[in-house]
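In: what follows is a predicted protein model with its sequence.
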Amino acid sequence: MEHQVLLKKIEFVTHNVLHLVTEKPEGYTFVPGQATELAIDKEGLREEKRPFTFTSLPEDGELEFTIKVYLSHDGVTKQLLNLKVGDRLIIGDSWGAIEYKGEGSFIAGGAGITPFIAILKDLHRKQRLDGHQLFFGNQTEKDIIYKGLLETWLGDNFYNILSDEDKEGYPHGHIDKNVLTQHDLDVTKHVYLCGPPPMMDALQADLYAMGLSKKLLVAEGLD
């Protein structure tokens, strides 16, 4: 089912990531971590639907999205830059396999953090964040989405790794078995994984090699 929603707020949260706030259709529901298909309600764009994750919570009165804009190709995210408050978007029903199933570790690459924003926000509101850790891989420090917020929520259990920038205070490279072992990732608890496909494939193999059971891995598109 499709819903037309009014855009109430649009702002940058990093140099290339937008935060959108829209109306919430009456009775609309989702689970923290889930997404929807979103399109811009303008001529020539209504059929250009793309999946974006909710970064608000189900009980909130508005819907929020945190969306990375790719300027290098003329896609939907680039068109979002032309939006103004008062424009309309089209959303479908909620869907997605990522949802909270129990205490554990979150591993995200770039915009793959978005499903975990809602889950961590939910845990924070419920005062249940203790015992969780987040590994977040980005190219540079300026790419870290909601850095201050995540530091406030997770403290010393928030680990940033930068692949393209060698900067003091940040490990340089990629999230891998060595990084996860160094920070005592517990393979007897759930692991939540979201990022670019090559990262997902590599980490899935690493996690299984570390002894993680398939039933404890939470990610989109698992067999």
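Out: Cool, got the structure. Residues are numbered from 1 along each chain as shown.

In: mind checking the SS state of Asn160?
Out: strand (DSSP: H, G, I helix; E, B strand; the rest coil).

In: measure it to Leu120 for me?
Out: In this view, Asn160 and Leu120 are 15 Å apart by Cβ to Cβ, to the nearest Å. Every residue, glycine included, has its C-beta placed from N, CA and C.

In: neighbour count winner among those two?
Out: Neighbour totals were compared for Asn160 and Leu120, and Leu120 leads with 25 against 20 (other Cβ atoms under 10 Å).

In: in stretch 200-217, what counts as buried?
Out: Across stretch 200-217, burial judged by 16 or more other Cβ atoms under 10 Å covers 200, 202-204, 206-207, 212, 216-217.

In: centre-most residue in this protein?
Out: With distances taken as Cα atoms, centre = their mean, Thr114 lies nearest the centre of the chain, 1.4 Å away.

In: read off the pLDDT value for that one.
Out: What the model reports as pLDDT for Thr114 is 97.

In: give me the element it is part of.
Out: Using DSSP states H and E, Thr114 sits in helix 114-125.

In: flag every buried residue along that helix.
Out: Buried residues in helix 114-125 (16+ other Cβ under 10 Å): 114-123.

In: quick one: residues in contact with that helix.
Out: Taking contacts as Cβ atoms under 8 Å, 6 or more residues apart in numbering, the residues outside helix 114-125 that touch it are 32-35, 52-57, 65-67, 96, 98-100, 106, 108, 129, 132, 134, 145-146, 150, 153-154, 192, 194.

In: out of the buried residues of helix 114-125, who's nearest Ile175?
Out: Phe116 (13.7 Å; Cβ to Cβ).

In: still on that earlier bit, make TSV out of the buried residues of helix 114-125 and add distance to Ala39.
Out: TSV is the format used below for these (distance: Cβ to Cβ, whole Å):
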residue	distance to Ala39
Thr114	18
Pro115	20
Phe116	24
Ile117	22
Ala118	21
Ile119	25
Leu120	28
Lys121	25
Asp122	27
Leu123	31
